[in-house]
Each structure stands twice: as structure tokens, then as C-alpha cells.
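Novice: Requesting a structural model of the entry that follows:
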Amino acid sequence: MKRGRLPLTALRSFEAAGRLGSFTLAADELFVSQAAVSRQIKELEAEIGKPLFERRHRAVRLTAAGTALLGTVSRAFDAMDAGLSEIRGRRGGGLLEISAEPSFAACWLVPHLDDFRAGFPEIDVAVDSDMRLIEFRAHEAEIAIRHGAHAGAWPRAEADHLMDVTMVPVIAPALLAGGPALEGPADLLAYTLLHEENRSVWERWFAAAGLPDAPLGRAQIFAEGNLVLQAALRGHGVALVDLFLAAEDIAAGRLVQPFGLSVRHGAYWLVARSFRRLSPQARAFRAWLLRRLGVPAGS
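Specialist: Below is the predicted model of the structure:
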């Protein structure tokens with residue numbers, strides 16, 4: 001096919017849908033309707049003469065031809081994006097764009113940014129607090145801090161393991177003083193339990209405490225961990241929180257950790273498309289972050 005006839009709009013819709021596994025998510029990313037994405041992909045399939053997706057009820061799945069095409073198209077868009085970024089001078093600028101998981105950003109990164117700025121005053125920092133998957137293209141951050149189960153959670157990217165996440169129960173001193181005594185894990189059930197996203201982590205904690213069928217009772221559920229931590233500080237209930245992010249509040253007496261039992265809940269990762277291709281300012285941030293967290297370089 002001649003380059004002048006390449007269906008670039010349809011290929012962009014296909015690449016987004018294939019990468020995200022959803023026509024709806026592709027439409028959201030591209031700021032078009034789901035019907036427009038579906039129509040463009042159908043036109044591309046007609047041009048190729050083969051189906052690219054298996055359409056199922058509320059789901060789509062790449063065919064073998066779609067999988068092969070996605071790899072080619074994604075590499076092409078990545079290469080174009082990298083070339084445009086170089087021409088625009090993104091790599092040579094003094095602005096570092098970081099995308100950080102909201103709880104990590106609020107509880108650790110922002111409070112420690114002055115230390116980075118003191119060592120690198122020439123680097124301006126822009127922090128985007130976000131949990132969504134990013135592709136590290138020109139309109140997005142160059143480097144990200146994410147929470148996940150393993151390094152392979154971000155396809156076509158590299159990841160440094162920063163630390164494991166361990167979840168522990170905490171309660172505000174005033175709430176504990178005015179409520180039932182906590183002599184054993186079962187006593188926590190007398191309080192409102194604060195959850196992040198769902199009840200699953202509390203269920204795992206009680207199972208580890210020997211109470212697999214504990215009735216969780218009253219609950220407040222929040223979208224992310226920093227909100228859970230703030231609710232605990234204000235005495236709304238007992239929270240299961242990331243020990244690393246709550247450590248300062250526990251040390252200062254703003255929260256009490258009644259039991260030492262913890263459960264593992266994934267890890268924090270530093271993620272980038274390619275560490276070798278980072279800008280000088282991103283390389284400086286990576287080195288600083290690993291040093292501050294005590295992570296051996298190259299681990």
C-alpha cells in the first residue's frame with residue numbers, strides 16, 4: 001500500500017483498542033465516540049480483508065492477524081512519538097514530568113521533593129497524581145511510580161522494584177481511648193473498618209490472624225489509600241494502610257498500630273519506557289529516588 005493511502009486514523013483507533021483491550025477505553029483515550037472507533041476498525045478490517053478482533057458480549061479479543069498487526073503498529077507509533085519528542089526538545093528541556101500513584105505522591109513524594117530540588121535546582125518538576133496506565137508518549141510523563149503485583153504489569157516498559165507494600169491496621173488514639181479495648185484481632189470488628197477499593201485486603205488480614213470468616217460489619221470504602229489514611233487520622237474508623245506511607249504518623253503518635261501482623265499487598269515500582277533512553281533530568285530523579293529509598297542501583 002502506498003504511504004499516501006495508509007489509513008492512519010483507523011490504525012490509531014486499532015492500536016488504542018488493541019493495546020487497551022476495549023473499544024470503549026480506546027474511545028476515551030482518543031476523545032471520540034465508541035461508535036467511531038468501531039467504524040474505523042471495521043473499515044480497516046475491510047481494507048485488510050481479515051478480522052482483527054473477535055467480538056464478544058461486552059468484550060473484544062485480538063485475532064492472530066490483529067496481534068501481529070498490533071506489534072507492528074505500536075512500534076511504528078512509538079518510533080514516531082520518539083522522533084517528534086526529540087525534535088520538540090523534550091529530552092533537552094529542564095522540565096521533568098512524573099506520573100505518581102496518588103497515595104505515594106501525597107504521602108511520600110511531595111513531602112520529599114524539596115530534597116531533590118536542593119540537589120538539582122535547575123530541574124523543574126511537574127507531578128501528575130494518577131493511577132491509570134500510561135504509554136510514555138509525548139503528551140505523557142516520562143517516568144512513573146506505580147503500585148502493582150509484578151514488573152510485568154506494564155507491557156513494553158521497564159520497571160525498578162522500589163519496595164514491597166505491607167498493610168497494617170491503624171487507629172487514631174482518641175478513637176481507641178473512647179472505644180472498646182483491642183486485646184486481640186477480633187476486637188477490631190467492634191469498630192468501623194476503612195477499606196481501599198474493596199474489602200479484600202481486610203479479608204486477607206483477618207484470615208492471616210486466624211479469623212477467615214470474620215464478619216466485617218460496618219465499613220467505609222475509599223478509592224485510594226491516601227483517603228483511607230486521612231479518614232483514619234480523623235478517627236472515622238480502623239484502617240488497613242501501607243506501613244511505609246503511615247510510618248511518620250505512627251512514629252509521631254497520630255496513629256496507633258495495635259497489632260504487628262501485616263499482609264503483603266503488591267509493591268511500588270518505578271516505570272519507564274526505557275531507562276537507557278531517559279532524559280538527563282529523569283536519570284537524575286531515578287538515581288535520587290533509588291538512593292533515598294535504599295534501593296541498590298541496577299537491582
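Novice: ok, then the element right after the longest helix seen in the chain?
Specialist: Counting residues, the longest helix in the chain under DSSP state H turns out to be helix 64-88. Moving toward the C-terminus from helix 64-88, the next helix or strand (DSSP states H and E) is strand 95-100.
Novice: Mind listing the strands that following strand pairs with, and their directions?
Specialist: With DSSP bridges as the test, strand 95-100 is paired with strand 124-129 (parallel), strand 143-148 (parallel).
Novice: got the CA coordinates for the first one in PDB?
Specialist: I take that to be strand 124-129. What follows is strand 124-129, C-alpha atoms only, in PDB (Å, rounded to 0.1, in the frame of the first residue of the first chain):
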ATOM      1  CA  ASP A 124      11.600  22.000  37.300                       C
ATOM      2  CA  VAL A 125       9.300  19.200  38.400                       C
ATOM      3  CA  ALA A 126       5.700  18.500  37.300                       C
ATOM      4  CA  VAL A 127       3.900  15.800  39.200                       C
ATOM      5  CA  ASP A 128       0.700  14.200  37.900                       C
ATOM      6  CA  SER A 129      -1.100  12.200  40.500                       C
END
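Novice: Can you point out the buried residues in it?
Specialist: By neighbour count on 16 or more other Cβ atoms under 10 Å, the buried set for strand 124-129 is 125, 127, 129. C-beta here means a position set from N, CA and C on the backbone, and glycine is covered the same way.
Novice: Residue 41: which of the strands paired with strand 95-100 is closest?
Specialist: The minimum distance between residue 41 and the strands paired with strand 95-100 falls on strand 143-148, with 28.3 Å, by Cβ to Cβ.
Novice: Quick one: distance of the closest one to the chain centre.
Specialist: Put simply, strand 143-148 sits 5 Å off its chain's centre (Cα atoms, centre = their mean, to the nearest Å).
Novice: Next, count neighbours for residue 228.
Specialist: For residue 228, the neighbour count with other Cβ atoms under 10 Å is 26.
Novice: Over to it. Which of the three states is it?
Specialist: helix (DSSP: H, G, I helix; E, B strand; the rest coil).
Novice: Tell me the pLDDT of it.
Specialist: Turning to residue 228, the model gives it a pLDDT of 94.
Novice: could you measure it against residue 271, distance?
Specialist: 23 Å (Cβ to Cβ, to the nearest Å).
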